[in-house]
Each structure stands twice: as C-alpha cells, then as structure tokens.
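Asks: Build me a model:
(chains A, B, C, D, E and F)
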Number of protein chains: 4
Amino acid sequence: MLNGHFRARASGGGKKERTRAALVDAAIKVVAEKGMDALKISDITTAADMANGTFYNHFEDKEEILREAAYGIAVEISRQLDAGMAGIKDGPTRVALATWRFIEIAVAEPDWAAVLLDSVDHVPQLNDDVASYMRSDLQLGVTQGKFDIEVTKFLVDQIMALIGAALRKQLQNGPDKEVTREVCENILRMLGMTPAKARKIIATVRAAA
Amino acid sequence: MLNGHFRARASGGGKKERTRAALVDAAIKVVAEKGMDALKISDITTAADMANGTFYNHFEDKEEILREAAYGIAVEISRQLDAGMAGIKDGPTRVALATWRFIEIAVAEPDWAAVLLDSVDHVPQLNDDVASYMRSDLQLGVTQGKFDIEVTKFLVDQIMALIGAALRKQLQNGPDKEVTREVCENILRMLGMTPAKARKIIATVRAAA
Amino acid sequence: MLNGHFRARASGGGKKERTRAALVDAAIKVVAEKGMDALKISDITTAADMANGTFYNHFEDKEEILREAAYGIAVEISRQLDAGMAGIKDGPTRVALATWRFIEIAVAEPDWAAVLLDSVDHVPQLNDDVASYMRSDLQLGVTQGKFDIEVTKFLVDQIMALIGAALRKQLQNGPDKEVTREVCENILRMLGMTPAKARKIIATVRAAA
Amino acid sequence: MLNGHFRARASGGGKKERTRAALVDAAIKVVAEKGMDALKISDITTAADMANGTFYNHFEDKEEILREAAYGIAVEISRQLDAGMAGIKDGPTRVALATWRFIEIAVAEPDWAAVLLDSVDHVPQLNDDVASYMRSDLQLGVTQGKFDIEVTKFLVDQIMALIGAALRKQLQNGPDKEVTREVCENILRMLGMTPAKARKIIATVRAAA
DNA sequence: GATGAATGAGTATTCATTCAT
DNA sequence: AATGAATGAATACTCATTCAT
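Replies: Predicted structure coming up:
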C-alpha cells in the first residue's frame, strides 16, 4: 500500500508530510493485520518501505502514530457520515442511519474498522467524541417521544458495544448487510421502540443509505 | 494470594495438582492487574512465590495457562449460576436472572471479570460455550411468545457485547447495581419486550438474585 | 551564542569562513555543557542554528571540529598570555605569572576551560605545545639558580596536572582566587623553592596579574 | 582472563557469586582496554564468554558494574597498602610510602590503574574515600612540624592530580621507578619540605617499599 | 519436581552520515 | 553552500525458554 488514503490526501504537502502520511497508512495496515498490541515499529517501516530510523523522524513513539491513525480515521469517517445526515430530523432515523452508514463505511475499508476496534481500548478520547455525537441524536429521539429510555453515559457504551460486535463480525466474515440491519434494529428496540416500528425505520434507512 | 480459589479446590489433589492450581491463581491475579498482553511468565511465578522455571514443569506456554485460567473461571461461574437457575421456567426471567447473577458473581471477584473480558479475544472456545448456554433460554422465550426476535449466532454476540460493556463499567467504577439493572432491561428490550414488561421482569429478578 | 569569539574573529572572512567559525563556537559551547564524549553533531548544528547536514560541508567528522576548537582556544589564550609576559625576566615570576594568568583567562571563559580539560585526552598535540612553552621558563629558573629540580617531560606533566586540578575546581565552584594562589605556590614549592620565597613571588604576581 | 582477581576471590561462593565476579573482572579488562566511555555491555559479556543477557541477571546497568569494579579495586589496593603501613609513625614517610606503594600496586596490575583513572570522573565516592585516607597522614606531618602547608580539600586534589599523572605516565610507558620516585619527591616538596629532606625520606621509602 | 542461572533472539531507540533538492 | 529527510548500523535491554543441579 504505497498510496493509502492518508498518503493520497497528503500528496499536496511537502516531502515530510507525505512520508508521515505514508507511515500512518502503513501503521493502519499493520494494526489491521496484527492488532495494536503486537505492533512493531519495524513492521510499520517495512510496510512503508522505509528504513527503521525514519519512523523516529516523524513520531515520538508508537502511541503517537496510533493516536494519529485512529484520529485520522475517525475524522475521515465523520466527514463521510456528516455528508448524508444533513436534512434528517427524525431521531430514530438519525440514530439508525448514522449507525448503518458508519458500519458500511468502516467495513468498506476493513483496515479502518480493525484500527477503530483496537483503538477503543487505547485512545479513550475517541470514545468521548463518538459518545457526544451519539448523545444528541439519542436525546432528540427522547424529546420527540420516540425513545423510551434514559440517556446515560452507560447507554452510549451499550450502543457502542453493539456496533463494535457488528464490526467484528463483518471483519471476520466479510460485509453482510443482514448483520448491519440486525444491529440497527437491535439498537432501536433497545431504545424502547417496538419491533414493528424499528423494522419500519430500518426499511427507510436501508433505502437511504 | 497464596490460597486462591483454584489452589483451595486442588487441596485434595497431589502436590503437582496444587502447584499447578497455585500457578493458575497467580496467573488470574496478574492478568487482572496488567492485562493479558502485558503478561510475563516471571510475573506469574513471582506472584505464586515460585521459581521461574517451575512454570514449565506444568504448562507448555503462556497460552496454555491462560486457557486454563479462563476455562476454570467459566466452569466455576457456571456452577454457581446453575445453582440458582433450577426451577425457573419463564424464558425472559431465565435470561435476565442468568445475566444478573453472572454479572454479580463476576464483579464480586473482579479478577475473574478482568480475565473473562480479556479472554473474549484469546479463548474462542469460551464464547461458544456461553453461547450455547444462552441460546436455549433465548429459544425458550421465543417459543413462549415472550421474545419477538430471531435467535441467531449474531444475536448472542450482541447480548454478550452488552454484558461485556457492563462488566467493563463495573471493573472501572466498582460494583453498581444500577448498571446491572440497565443491562438486563436493555437485553429484554432488545429481544422485543416492551419497556414496561422488561421493567417488571427485572423487578422480580432483582429480588430473586 | 550566535556571535561567539571565533565567529567574531572571522567576520572579516568569507561566508564559508564565518559559518565554519560559528560551528566551532557552537561546538565549544556544547562541549562545555555536555562534555566531549556525550557530544552529538546535531547538538552543534542546533546550537549554531543551522541544519544538520551543514556540518559536513565544513568538517570531516567530530574529531576535526574538536581539534580545531581546542587549538583555537589554545592559540587565543596564548595570545592573551604573551601580551603580559614581555619584559619579565625572572624564571619563578614567569612561571607563576603565566600560570596565574592562564587560569584567570580560562576561568573567565568557562567554556574554554571545559574544552581544554576535555582536550587533554583527545588532542595530544596541545599538550606538547604547552609543554614546550613551559619548559623554557622552567629552564630559565633552573639556570638562574631559583629552582632546584631537573626539568623533565614528566615534570611538565606534573605541573599541568596541578593546573588541571585548579581549573576543574573553579569550573565546579566558580572563580576562586585562593585556589589560583594555592596552585601557583604549590608549583613553585614543587620546583624547589622554600614556602617563604614562593609566597613572596606569588604576592608580586598577584598584583601584576 | 577467565580467572581474574575477583573471580578467583569468589571461588568459594555460589555460582551466582562466581558469575558476577567474572563479569566484574571482564569489565575491568574492557575498561582498561577501551576506557569507560566506550564501554559496551556486549564487550563485557563477550570478554567473560557469556551471553549478552546474563549481564542483566547480575547488574542493573553499566553504572552498577563500574561502581563495583572501581570499589573492588580500591578495597583490594587498600588491603595491600594497609599491610605495609602499620608501624610507620613519621608523617612524611607515611605520605611517601603510601604514594609509592599505591603506585607500585596499581602499576603492577595495569588494568586496575586504568580503571581507577577513569573512575575519578565517574565514581565521586572513591575520591572522598582516598581523600580522607590521605588527610590524616597530611595532618600528622603538619602536627609533627614536617610539612609547612595548610591541609585543605584542594591540597588533596593537588596530590591526587600528581599521582594520577604518574599512573598515566606508567600506563603509557610501562613501569618506571624513576617516575614513582619523582612524584613522591614532588609531593613532599609541595608540602613544604626542602629538596634535600625530601630526597632523604624517599631514599628510605624506596628501600622499604 | 523445584530451582534459578544462563541463554539469545527480538525489539526499541539513537545518531553519524549521505544525498537529493 | 545550505538544507533536512532518509538511512541503517550500533547498542541497550527484555523476557520466554532451557537445563544443570
């Protein structure tokens, strides 16, 4: 992967910028293959086709590049998500659509999904960002009388756990719309919607996504 | 912890058995403290107050003792769970009660909870065992017309993800019955029960647990 | 130190000369701070506010710049020393005055003292130059019947060891005329003068220096 | 050097003790050859004919083994010195004899001399120990009216500098009694004795040593 | 079986040096 | 000449594993 996503994005910048981005791409690839805990600096530089020492011209340590990778991915997914969420006013639809599209985007770039899953433990900041994004839509649904539940930090944890399981499943078995549909329905039901209503929302979302 | 749970259980066996069990206890303690990935053999033997090399008289490698630790914990929790489940015939009640008690037991022995959470990734067999345990109760609820959902492998994954999040939360913040209640309700709602019915079941379960 | 001693001296020369001198100044500063063994090329260029690679446009390697720095300092101190020595005909007075002023000059520019001390091991040529400077005054004193000793290479080593200890002391504790006085007296006594005569010479020298 | 001094001394102890001692012997040898600053762990283990990692079973880091080596040498030299100093009551004789024998012992085992010289910078404690040893003899000479000088910390530094120069000389050129004699005389003269008296003391000492 | 010293492969990190711009 | 990114050899240190006692 001499030209991953971040490398491509950095093609306008200077040489330093490009090398740095290439290292981030390589790190993402390696984390996806071996997991964060087994990550070695030399894996990254080998994947980026660079000398070992080059890593240290750009990053202080492993943590730094992982944080940057996770963040970069999160930002990019955010960007793609936001694009399609604009005019949606219905709480349940927003929740389901965001979930659906998030999973689709992540699964389309499986390395990203893998890094995000690993990042949950290593980059706490990421959790907080996603959480606050989610809370407002949840609150919206409650205010609209569509959700029958109290919006707590732990509720957000629960939803993220469900989404995480869906990502993991598709990482193992490949993309599977049924899994995506199930998790979206599960979330809506958990939030207090009847199975019937949940199914209806999902049908709309499926078409829109 | 010179006399952890497994050491105590093995007190009837031979010396070999006791040493092995003491190592397992030590491994559990250390995994709970540092996590599986950071685990060192010397941590285990030090915690067991033994010499370095003794480990290899009993286990082939790290994997083996971890598998044994996770499995031992699962068996023990199973045993405690089963004790209280006899006689319960109602599907939702079985699901909620099993969840409630599982969490209570695991959280009461936080080292166990920590090992189980780490084991999800490392000991796949464990998942399958829990899954089959759960499936029958889920199926029961469906058959009884209490759950409006299709019982799939992925559904079990989803439930386990919710339970995992609850364990994690209580490992961080200490025991919290509200969290346990929330996750039980969430599961029942996800399975298609109305919030009201779910709440009612949980009230019963809470009293029984 | 964008304008150290050597940089200033080179202000008449070409650009190349000025850059080279600035690097020497930077090297002196860094050696004084960290010692020769801990010296890094990047320390020098950073101190000189230049790019890493610039160093190699001017010096073959570390040794070269260190030799140049030590030599430059020695030459400069020589120049300052010589200025005050003209006209002094008495051997003991020459030895004491040269010692006194050498120490004063070196201690006034502590970076120089530090580099000289470190250079003793690394730039043997330096030793020889100082030695021959010293020998003639020693010989003079002997010829004048003031010193009762045989002038050998080792005698010069001994004197230099005494002076080195005085420099080290003042580098650690800051300038201290008492130390300077003691070392001058010690040298004269070692050369065979009575304590009383030595003290008298030093009194004169102290006033002259 | 599979059986250096410390290894031999440890032959009574356990395996651990012997390995540790062998490493110290190896370290001394390597420091003598390359100097302390260029010392590599792998040099030590190679010289001791051991695996790289063995070092870390016995020492925390480089500093620790160097400190131990320097101390071991100092202790051993002390032991040998003390043996011959017992009945000597005359201050100047004590100072000269201790100096003479110290140099002889150190030069007879040139690795020790090399390590001691390097240790001056790295093991400050060593200086203090030698200094207090020396002070009492100096003070004795003053009290006896043989030395005409004030005993200061700096005076001790001066004497040590003279001795250091003598060690260095003989390390380079091999043992040389003339050098030893000169430094002893120089010290006595520096302490305020006349050349004649100094020479007389040295003649006695030379015979005794 | 238990011990713990020895092993050595594996990994992170530094830094002198090169070289394309 | 100056720049500074890239290089990769050198080195410290860790830790699973072996094995003689």
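Asks: how long is stretch A:43-60 from one end to the other?
Replies: This stretch, stretch A:43-60, spans 16 Å end to end (CA to CA, to the nearest Å).
Asks: Look at the closest residue to residue A:153 other than its chain neighbours and give its secondary structure.
Replies: Excluding the flanking residues, the one nearest residue A:153 by CB to CB, 6 or more residues apart in numbering or on different chains is residue A:131, at 7.1 Å. (Each C-beta comes from the backbone N, C-alpha and C, glycine too.) Classification of residue A:131 by DSSP: H, G, I helix; E, B strand; the rest coil places it in helix.
Asks: how close does residue A:131 get to DNA strand F?
Replies: Between residue A:131 and DNA strand F the computed distance is 33 Å (CB to the nearest atom of the strand, to the nearest Å).
Asks: Let me know the average pLDDT across the helix or strand residue A:75 falls within.
Replies: Element membership for residue A:75 (DSSP states H and E) is helix A:62-85. Mean pLDDT, computed over helix A:62-85, is 92.
Asks: quick one: contacts of that helix?
Replies: For helix A:62-85, the external contacting residues (CB atoms under 8 Å, 6 or more residues apart in numbering or on different chains) are A:5-6, A:23-24, A:27-28, A:31, A:36, A:39, A:41, A:44, A:55, A:58-59, A:94, A:97-98, A:101-102, A:105-106, A:112, A:115-116, A:119, A:122-123, A:126, A:129-130, A:133, A:208-209.
Asks: in the following helix or strand past that helix, what counts as buried?
Replies: Next along the chain after helix A:62-85, taking DSSP H and E as the criterion, comes helix A:91-108. By 16 or more other CB atoms under 10 Å in any protein chain shown, the buried positions in helix A:91-108 come out as A:91-107.
Asks: how much space between the residue in chain A positioned nearest to DNA strand F and residue A:10?
Replies: DNA strand F sits closest to residue A:53 of chain A, with a gap of 1.6 Å, by CB to the nearest atom of the strand. Noted for residue A:53: a distance of 21 Å to residue A:10, by CB to CB, to the nearest Å.
Asks: Stretch A:101-109 and chain B, are they touching?
Replies: No. Judged by CB under 8 Å from any CB of the partner chain, stretch A:101-109 stays clear of chain B, getting no closer than 12.9 Å.
Asks: Could you tell me the average pLDDT over that stretch, please?
Replies: Stretch A:101-109 comes out at a mean pLDDT of 96.
Asks: And for that stretch, what's in contact with it?
Replies: A:5, A:77, A:80-81, A:84, A:112-113, A:116, A:163, A:166-167, A:170-171, A:175, A:180, A:183, A:209.
Asks: Which among the residues you listed count as buried?
Replies: By 16+ other CB under 10 Å, those give A:5, A:77, A:81, A:112-113, A:116, A:163, A:166-167, A:170-171, A:180, A:183, A:209 as buried.
Asks: just to confirm, which helix or strand has residue A:50 in it?
Replies: Assessed by DSSP H and E, residue A:50 sits outside every helix and strand.
Asks: and it, what is it in contact with?
Replies: Counting by CB under 8 Å, 6+ apart, residue A:50 has contacts A:19, A:22, A:23.
Asks: Roughly how far does it sit from residue A:40?
Replies: Noted for residue A:50: a distance of 14 Å to residue A:40, by CB to CB.
Asks: List the buried residues for the helix or strand hosting residue A:33?
Replies: Using DSSP H and E, residue A:33 falls within helix A:15-34. For helix A:15-34, the neighbour count (16+ other CB under 10 Å) marks A:17-32 as buried.
Asks: How about stretch A:68-81?
Replies: Going by neighbour count (16+ other CB under 10 Å), the buried part of stretch A:68-81 is A:68, A:69, A:70, A:71, A:72, A:73, A:74, A:76, A:77, A:81.
Asks: Relative to DNA strand E, how far out is the last one?
Replies: Right, residue A:81. Plainly put, residue A:81 is 33 Å away from DNA strand E if you go by CB to the nearest atom of the strand.
Asks: and what of the fourth one?
Replies: Applying CB to the nearest atom of the strand, the value for residue A:71 to DNA strand E is 19 Å.
Asks: roughly how far apart are that residue and residue A:160?
Replies: Distance of residue A:71 to residue A:160, computed by CB to CB: 17 Å.
Asks: just to revisit the earlier point, between all of the buried ones among the contacts of stretch A:101-109, which two are separated the most?
Replies: The distance between the two most remote of the buried ones among the contacts of stretch A:101-109 (CB to CB) is 25.0 Å, for A:5 and A:183.
Asks: Spit out the contact partners of the closest residue to residue A:111 other than its chain neighbours.
Replies: Closest residue to residue A:111 apart from its sequence neighbours, by CB to CB, 6+ apart: residue A:32 at 3.7 Å. By CB under 8 Å, 6+ apart, the contact set of residue A:32 is A:110, A:111, A:112, A:114, A:115.
Asks: how about stretch A:177-196: buried residues?
Replies: By neighbour count, with 16+ other CB under 10 Å as the criterion, the buried positions of stretch A:177-196 are A:179-195.
Asks: tell me which of the buried ones among the contacts of stretch A:101-109 is nearest to residue A:203?
Replies: For those, the closest approach to residue A:203 (CB to CB) belongs to residue A:209, at 11.1 Å.
Asks: so the closest one touches residue A:99, yeah?
Replies: No. Using CB atoms under 8 Å, residue A:209 makes no contact with residue A:99, being 9.7 Å away.
Asks: How about the secondary structure of residue A:149?
Replies: Secondary structure, three-state DSSP: residue A:149 is coil.
Asks: pLDDT below threshold where in chain A?
Replies: Within chain A, the set of residues satisfying pLDDT under 70 comprises A:1-3.
Asks: which bits of it sit near DNA strand F?
Replies: Taking CB under 7 Å from any atom of the strand as the measure of proximity, chain A contacts DNA strand F at A:15, A:16, A:18, A:19, A:50, A:51, A:52, A:53, A:54, A:56, A:57, A:58.
Asks: dump the residue contacts of the third one.
Replies: Shown here is residue A:18, whose contacts under the criterion CB under 8 Å, 6+ apart are A:7, A:10, A:11.
Asks: So which of these sit within strands?
Replies: For these, not one is inside strands, with DSSP state E as the criterion.
Asks: Of those - the most surrounded one?
Replies: With neighbours taken as other CB atoms under 10 Å in any protein chain shown, the top of those is residue A:7, carrying 21 neighbours.
Asks: Name all residues that make contact with that residue.
Replies: Contacts for residue A:7 (CB under 8 Å, 6+ apart) come out as A:18, A:21, A:22, A:25.
Asks: now the residue nearest to the last one when sequence neighbours are not counted: how far from residue A:35?
Replies: Once flanking residues are discounted, residue A:25 sits nearest to residue A:4: 2.9 Å by CB to CB, 6+ apart. Distance, residue A:4 to residue A:35, using CB to CB: 18 Å.
Asks: Between those two, point out the one with more neighbours.
Replies: Ranked by neighbour count (other CB under 10 Å), residue A:4 and residue A:35 place residue A:4 first, with 20 against 15.
Asks: Tell me how far the more buried one lies from DNA strand E.
Replies: Distance, residue A:4 to DNA strand E, using CB to the nearest atom of the strand: 21 Å.
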